[in-house]
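In: just need the structure, nothing else, for what follows:
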Amino acid sequence: MSDRTPDERDEARTWSRLQRNVVIGAAVGITIGVVAGLIIGALAFQRTNAIVASALGGAIGIGVLGAFWGVLGSLESPDPGNEPGQTNEPLRDVPELTREEHPLRQTSDQPARDDDG
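Out: Residues are numbered from 1 along each chain as shown. Alright, predicted model coming up:
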């Protein structure tokens, strides 16, 4: 059995998901960037060095973009009921975060009106 608390397990699962999505996003981005760079380089330039530089630029640019999208993808909300939380009942377990509502200023009682006229 694990000696970790549920909060530690949630944090470990979140970091695992984040790392996995960054690696997958970067790998997909690099692959797409190299292919796009080769195609654009072959169409725009006829020299080998320029084509390789275009592929390298595509790999770096789209790879960073893919890693960024991977981070954003790992920040998505999990399925309902599987949200990592700090407390089970946040309003009850952390009383200093909530308080009874009171009006900002006291208003005097309005005099009763006789509508019967």
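
In: does residue 3 sit in a helix, a strand or a coil?
Out: When classified by DSSP: H, G, I helix; E, B strand; the rest coil, residue 3 comes out as coil.

In: from residue 9, how far out is it?
Out: 11 Å (CB to CB, to the nearest Å). Quick note: C-beta positions are derived from backbone N, CA and C, even for glycine.

In: these two: which is more packed in?
Out: Each of residue 3 and residue 9 has its neighbours counted (other CB atoms under 10 Å); residue 9 has more, 12 against 5.

In: and the strand or helix carrying the more buried one, average pLDDT?
Out: Assigning secondary structure by DSSP states H and E places residue 9 in helix 6-44. Mean per-residue pLDDT for helix 6-44: 89.

In: dump the residue contacts of residue 29.
Out: By CB atoms under 8 Å, 6 or more residues apart in numbering, residue 29 lies in contact with 62-67, 69.

In: from those, which is closest to residue 22?
Out: The shortest approach to residue 22 among the contacts of residue 29 belongs to residue 67, at 5.2 Å (CB to CB).

In: what's the first helix or strand after the helix holding residue 9?
Out: Downstream of helix 6-44, the first helix or strand assigned by DSSP H and E is helix 48-74.

In: may I see the buried residues of that following helix?
Out: 51, 54-55, 57-59, 62-63, 66-67, 69-70, 74 (16 or more other CB atoms under 10 Å).

In: what of stretch 30-40?
Out: 30, 32-34, 36-38.

In: output the contacts of residue 29 as CSV; include the columns distance to residue 13.
Out: Below are those laid out as CSV (distance: CB to CB, whole Å):
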residue, distance to residue 13
62, 28
63, 26
64, 26
65, 26
66, 22
67, 20
69, 20
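
In: wouldn't residue 44 be in contact with residue 57 here?
Out: No: using CB atoms under 8 Å, residue 44 makes no contact with residue 57, being 11.7 Å away.
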